[in-house]
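Asker: What follows is a protein structure lacking sequence information:
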């Protein structure tokens with residue numbers, strides 16, 4: 001094989017490398033677009049699922065809390081400020097009840113909600129005269145999360161048939177912030 005043939009062979013190999021590189025770049029771009037689209041669709045589905053769960057809890061909130069002597073007369077959904085978002089805010093003359101609603105409730109969700117409860121009166125000073133209590137709700141509740149939330153002084157709301165119920169026993173006393 002002479003030098004000219006070798007040079008021609010190297011040029012063909014470089015063309016193949018360049019074509020392979022272009023294809024890999026195009027595939028990476030397509031994969032990135034697919035991932036972005038999938039993440040967006042998952043976010044939309046998660047949001048719809050969360051609203052579905054809220055839809056179970058909202059009509060039951062008044063009934064559940066009234067049975068525990070907290071006469072809730074208003075339930076607001078997705079109360080937002082730049083500093084905080086509350087899934088459900090149940091109000092009566094004495095209490096402000098912050099309810100975190102998740103399709104799957106985790107320990108981290110409970111911890112985040114406890115931080116929210118700590119800051120609530122600072123972010124919402126119009127409720128500074130109320131006793132603030134918390135609740136967490138989930139269709140699926142990770143193992144021992146209900147006990148963790150109970151020990152932290154939160155009401156725990158779970159699916160029961162076509163509606164929801166408290167998992168807290170009658171001896172439970174909520175923590176007041």
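Answerer: Cool, got the structure. If you're wondering where the values come from, they're calculated on a predicted model, not measured in any experiment.

Asker: any idea whether the residue nearest the centre of the chain is helix, strand or coil?
Answerer: With distances taken as Cα atoms, centre = their mean, residue 102 lies nearest the centre of the chain, 5.4 Å away. Of the three states, residue 102 takes strand under DSSP: H, G, I helix; E, B strand; the rest coil.

Asker: Would you mind confirming that it makes contact with residue 136?
Answerer: Yes - using Cβ atoms under 8 Å, residue 102 is in contact with residue 136, at 7.4 Å. For every residue, glycine as well, the C-beta is placed using N, CA and C.

Asker: follow-up on the earlier one: now the closest residue to the residue nearest to the centre of the chain other than its chain neighbours, what's its secondary structure?
Answerer: Among residues not flanking residue 102 along the chain, residue 138 sits closest, at 4.8 Å (Cβ to Cβ, 6 or more residues apart in numbering). With three-state DSSP as the basis, residue 138 sits in strand.

Asker: Tell me the bridge partners for residue 138.
Answerer: Following DSSP bridges, residue 138 is listed with bridge partners residue 102, residue 158.

Asker: Please look at it and residue 110 and confirm they touch.
Answerer: No - the pair residue 138 / residue 110 is not scored as a contact, 9.9 Å apart, by Cβ under 8 Å.

Asker: which residues are in contact with both of the two?
Answerer: Residues within reach of residue 138 and of residue 110 at once, by Cβ atoms under 8 Å, 6 or more residues apart in numbering, are residue 145.

Asker: So what's the residue count around residue 22?
Answerer: 10 (other Cβ atoms under 10 Å).

Asker: Now for residue 102 and residue 136: what residues contact both?
Answerer: Residues within reach of residue 102 and of residue 136 at once, by Cβ under 8 Å, 6+ apart, are residue 109.
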